[in-house]
Structures are given as structure tokens and as C-alpha cells.
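A.B. asks: sequence-free structure coming up:
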DNA sequence: GGTGGCGTTTTACC
DNA sequence: ACAGGTAAAACGCCACC
């Protein structure tokens, strides 16, 4: 017997004599690697029909006990059956807890349970690891005091400890959570970042020229190419095979908790595996000597995820995409841009070419480039680790799974790990046909107010705090609280138009577990925010962020076709309430004597009309006193000026396109080309400057002068290539495009010239002058590397002037008439 | 051969 | 396929005169 402290990092399981055993890899407080072997009850639920008498239940139990399975080379049977009072979708039910030997048999047992008296079979599709965490209460990245027998070359479980590179292997007997306190320092993980460079981009097609590894006080580039100067981090080997061997050697020697790459699920790890297979080199990176395995689960864009036993392989890009992308400034998820935003550092300059064309002295730059990619990846992991850690603690799924999950899984995991509090049996995942049906229904979304174009002064803006989530909580909306028929004393949705008919949906007043959990998230977020204000550090901030994201995804989850707790009725009702509350707020603000300028989903912007800020705050208080439940309106800010413009065609105001300036001079620009990456920098920066000049002192003449300067520069060809480059994302394979737009042409050109498309799939091009007169833009597309002069007419008439023309129209200035020479043949011009 | 409506595509807002 | 709907805008495509 031994007692130690322990934090679980990675979970998997193995079979021994037909039974499942969880194998948890973690650390103790001294940083020693500890492996814990444990088991848990394996079972599924059979939910019984309402009116089943005792005798029938008894017979059913006897019948189930007789089930024998002979599948996949295993012979097993139902071990035990118990009758329990449970809840399923908020309803009291009687359910049979059916115990089996092996988790993998549960599906087959469920298939045998299609019996009279059994309504539903549930709880067999969670996956062993999730099931184990729920059952055992041993959650990732928490601290436990554990007690058990040491397995030291014991030969138990077929000698599992003998082949495992851990300091201590324990067969668990007892465990106790020792801290659940945010002040407890988290564990400092051992990290190794890696990156490869190869000749060909297609996986396994070319040779791997070099691999870089970066850890704490550890920097290495392994290569079989010769350095020009002496570089102490370069380890020269004889060939690619030895490179792979040395890579494995170093990873095993450092033995990190996390092997971290950037887009490494889609490139680095599969490439290493492919080359190792080709060269017959074992890539035994696992703690148990196993090779990386690839799973298609969670595969976006047809890529799998790479798993290494005992060492958590992390592809940072996916985590950043899920948890950060919506709050980031970066326009792509490229390592370069993300590093620049979060680390203030970027990739080293290196112009790719085939290895046969790289000159002797250029190799040193390539090594440095390769090393620096790992340096950046290492830095990013350090930066994001506190957040990743808090997400793991909150949703209670292992780091590996969290790092590959999308927002729906975050929410769903949180639910699944908290169902016990409600004595709830988990709902199953939707079947293929259900997903198809769900994808076919559309629901009407939020209301967007049509603004009147103009320049306004003294504007106030209100918005609802976590609007969708507070609606879910206030009106108890969810799958399980939805009532098929109206009951007295129930919540009622506003009127909804569906398929041309007006309907209303009704929800029980008895608090449902989903709204209750969302309320919990809502409150925990509030508390985390207060904790952060009191004690600002990375952990309190990370926790606040985690709950913020979970809270923001609540409605998205309910409306997501893949969700276990998907509900069309709840989603449609949530959105109907969103429209109702926004419209009501707009009416009330107008009634209070203010002209409303704009509103989108959860916000309303209006003129202060000589009222003081204190008056506006009083109005806010009054509006809040009239709101039900946890609904809350807050003051977004006061603005000194705001600009709304017309849509490109016509005279109606453009929604979602405005610019505001705060009392502190800070700009808030929404929707304008300034924030869109598919416009060239020149047009974006010009527009930004014009907006700035106009909002700062409301003087359009200064802005017009500035425009004149830029137009002159364009006409005199003084604009740099980079400024006129247009960047657009290629969203699918080139062949799949029906419409051949300019960026598709550019992508085709790149393919023909063998220029690799960046990991971010961003296509860059510019519009050039052509000898013959061509009308289509795509016929004038050139790659940034190509020779040619930019097309003055295009940049003037299709980029510069469109970016600013409707801003000047607010002041009655027609910039096209001033600058473009030609008259536009728009209808408006003849009136 | 110009043009106007429509479908496709990308990107942003909340 | 892997959180949702609303909206702006550009461009190609195609019928039409």
C-alpha cells in the first residue's frame, strides 16, 4: 500500500480478462509520473414504460439476466440488474441499471433490449473515459490523495507496468479530492513543442528535411543537411531514417506531458508516421512503446487526430479556433498571425524552395526558421495553458479531448458531467436520420433595426447581458421542459411563424436541469468575474473566460443538430423572446423621448437628446425593474458621435455597418470594409482614416482633402504592391467551385506554378492592367509575385471610391463625380 | 454588347 | 458535421433586348 498525491492528465483504458481498466497518466506534486489503474461499474439504463407492474418488472429483469453475448471474440453476459427511480428528460421514471463486463458490449446489449416494457435504452454511448470520469469522480487536472498497491514488475494485468515508462504505477484502492481551490497552484506541465520541414506538402510524399524540438532549456534541430556556420542547436545525422530515430530518442528522453504542434494533426504527426512507415523506423513515442494512432473522430476537413499513448499530443490550432478565434484580431489562424497577436513575435523570414535549390549558406536560415516555429508554438502553449487548464477543470474532459473539441462539445461535456446532481439519465446522441431532419429546419433569428443614415451626436447604447442564456434561464426553455400541450401555469413563448402558421410553444414551470445548469454557469461566471476583479491573475481570468464562453454558447448548443439536448421548439422560442425583448426595449426607449438609431439582436443605440448621463442611467434602472427573471440590460457606453451609412445600392440604411467614437476618443467600427480582410489594405486604411477624421471633429472637408491625396498617389502608381493585395480564403477544393471568382483563378495559378497554399488557405492576388480590354475582374488577376502594374481604374473605382463614397454621401458629397471622370449610369444619377 | 436579376461566395455582427 | 441566424457586398452567370 502506498499513499500519494496525484493529478490526472491523460486517460485511456485497456481490457484484461474481458474487463475494462482505466489507465490514468498523471503527476504527483514532486513532478514524478504516476500511472493509476482503476476500474468502475459498467452499465447502461433501460427506461421502463409508465404502467409496468411489479410482476412484469420482475419478469423483465429475469429475462435480461439471461442475456448472453458471443461477439468480437468475447463471451459475456449481463452481470446484474437493479431497479432505480431516476429522471429522464426531467420526468420521473423507473429504470433498470444493467451491469455488464465490458463497455464495448453495451451497444450489443442495448440491441437485445428491444423488449416490450422497455421504452428507451440510454447511457451506453458516452465513451469509456467519460463514463469512467462520471463514475469515479476522478476528474482531469484536479488534485487527489490516492491510496493503492504499487505494481512493480508484478506481472499483474499482463505485466502492464513493465512496459510503461512511469515512475510509479498504482492499482487504485481509495481516492479523495484534496483541493478545489483556485488558489492552489496548478501543476507545471513539461512541454515539448515540435515542427517539421519537408520538400513536399502532400503527406509523406517528400523527405522530412529537419525537425525542431523546443522545451524548457531545450532547443534542437535535427537534420541531415549540413549547416554552413556552427549552430549549437543543430544536430546533424546521416539520413532521414536516423533523423526519425533521433526525434523519437529526444522525445522519449525529455518525456513531456504534452507534445505540442501547430496544425500537427493535419501535417507534422501524420508526415512523421508516413515517413517512419516508409523507412521502416518504429515511431514508438508512446509511454508503452506504442506508435501514434489516428482517429477520424472530430475530423474537420477530412483530417484525423493523432494520439500518442501517455503523452498528450496537442494540436494548438484547434483549441485556438474553438476558444479564441471569435475574440481575436488576427484574420487567419496561421502560426505567424496568432503569434504576432499573442506573443508579439512572428515567424522568421524564409523563402521556401525545393531543397535541391537551396544554397549552402541558406540552410542556416532554414534551420533557424524551423527552430523558431517550435519556439512560437512553445510560447503559445505557455500563453494558453492556464485557459486550457481551466476549461478542462470546468468541462471535466481530458486535455486531449478538450483540445480537439468544438463549442458544442464543451457545453455537452459540462452537462454530462453534471447530470448526477439531477438524478438524470443521459440522453443519447442523435441518429444519422435525425441529424438530417434537424438540418433541414430553419428558425427565424434575431431582429435588426434599420438605421437612418447620418452623422449623429451624443449617443447612448444599451445591451442585454448574455441575452440568450438569460432567456433560457428566465423562461425555463429546453428540450426536457417543453410541453407537447399547453398546461395551465406554464411558460408561453411569443407567437412564432412557422411554415406560414402562427404557433406558440409551452414550457413547464418546474425548473429543468438544462436551464438550471445554464443558471449555474451564469452565476459561476459572475462569481469568477468578481474573483478576477478582486484578485487579478491568469487563473481567475482563465476561469472567468471559460464560463463566459460556455455561457455564450448555450443557445447555439440547443439549436445545434448534433446535440443530445437539441430542441427546435426551445430554439425557436429563445429567438422569439430575443426579438420580443429587443423590440420592447426599442419602444420603451422611444417612449422615453429618445430617437432610436440602431439595434441588433440584443442592443439598442439612441440619441441622448439633451438628457444627462445620470438621466440615461435612471432610464436603464427603470427598464431593468420591468424585466423578468435574470434578464438584465446594461449600459454599453456613451458616444460623442456616430456614423451610419446607406447600403451600396439604394438609399436605405445599411444594418450592421456603423462607426462610433467614445468620449475617450476610442473608435468602435463595425461592418465597414475597414474590418473586412477581403478588401485591400489601401482601401481599408483609407476608410479608417476618413472615418476617424469625420468622427473626431465632424469635419468632412479635411477628410475629402485626404482622399484627394490618396487618389493622386494611386493615379501616379505610388502605391506598394502589398497595399493593393487582396486576400481571400479558399473555402473548399478548387474543383468544387461553381462560380469562378478572382480568388479561385489566383488559386489555380498557384497550383499551376507549384506555389503552396498556406495552412490558413489564404489566397493573395492583385488586379493588374491588361493589354487587351477585358471586362471580367478574374481576367486581370495576378499573383503578388508576378510582374505587372496594378490596374488604376479597378483600384479607384472598385476599391478606393466604394470604400468611402457612402460616407461622403452623408454630407451630400458625391466622390465618384469628383474623382472618377466617368459618370455612373446608376438610376439615381438621372433623377 | 450592355444590363439587370439571380445565385454563389466570403466575411462580418451579435 | 461537429454553436446559431442576419446581413452586406462582390462577382460570375445568363437571359434578354
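C.D. replies: Looks like it came in fine. Just so you know, these numbers come straight off a predicted model, no measurement behind them.

A.B. asks: and the stretch 701-831 of chain A, which residues reach DNA strand C?
C.D. replies: Applying Cβ under 7 Å from any atom of the strand, we find that the stretch 701-831 of chain A lies next to DNA strand C at A:739-742, A:776-778, A:798, A:802, A:806. Every residue, glycine included, has its C-beta placed from N, CA and C.

A.B. asks: Return a ChimeraX selection command for the buried portion of the residues you listed.
C.D. replies: Taking 16 or more other Cβ atoms under 10 Å as the burial criterion, the selection of buried members of those in ChimeraX is written as:
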select /A:742,777,778,798,802,806
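
A.B. asks: Could you work out the most separated pair of the residues of the stretch 701-831 of chain A next to DNA strand C?
C.D. replies: Maximum pairwise distance in those, criterion Cβ to Cβ, is 29.0 Å, between A:740 and A:806.

A.B. asks: Now residue A:352: closest residue in space, sequence neighbours ignored.
C.D. replies: In space, and not counting its chain neighbours, residue A:352 is closest to residue A:756: 6.9 Å by Cβ to Cβ, 6 or more residues apart in numbering.

A.B. asks: Now do the contacts for the one you found.
C.D. replies: Listed by Cβ atoms under 8 Å, 6 or more residues apart in numbering, the contact set of residue A:756 reads A:201, A:352, A:750.

A.B. asks: Spit out the contact partners of the first one.
C.D. replies: The neighbourhood of residue A:201, defined by Cβ under 8 Å, 6+ apart, consists of residue A:756.

A.B. asks: which element is residue A:523 on?
C.D. replies: Secondary-structure element containing residue A:523, defined by DSSP states H and E: helix A:513-534.

A.B. asks: hmm, the helix or strand following that helix in reach of DNA strand B?
C.D. replies: Scanning forward in sequence from helix A:513-534 by DSSP H and E, the next helix or strand is helix A:538-552. No - Helix A:538-552 is not in contact with DNA strand B by Cβ under 7 Å from any atom of the strand; minimum separation 9.6 Å.

A.B. asks: Name the residues of helix A:538-552 that are buried.
C.D. replies: Per 16+ other Cβ under 10 Å, helix A:538-552 contains these buried residues: A:539-552.

A.B. asks: Please see if it touches DNA strand C.
C.D. replies: Yes - using Cβ under 7 Å from any atom of the strand, helix A:538-552 reaches DNA strand C at residue A:552.

A.B. asks: Summarise which helices and strands that helix is packed against.
C.D. replies: Contacting helix A:538-552 under the criterion 3 or more Cβ pairs under 8 Å, 6 or more residues apart in numbering; DSSP states H and E are the following elements: helix A:362-395, helix A:407-416, helix A:513-534.

A.B. asks: Would you mind pulling up the elements that the helix or strand just after the first one packs against?
C.D. replies: Once helix A:362-395 ends, the next helix or strand along the chain (criterion: DSSP H and E) is helix A:399-404. In terms of contact count using 3+ Cβ pairs under 8 Å, 6+ apart, helix A:399-404 is assigned the packing partners strand A:2-16, strand A:312-315, helix A:316-323, helix A:362-395, helix A:407-416.

A.B. asks: hmm, who's touching the third one?
C.D. replies: So that's helix A:316-323. When contacts are defined by Cβ under 8 Å, 6+ apart, helix A:316-323 is touched by residues A:260-263, A:265, A:328, A:333, A:338, A:377, A:380-381, A:384, A:387-388, A:391, A:402-407, A:410, A:545, A:549.
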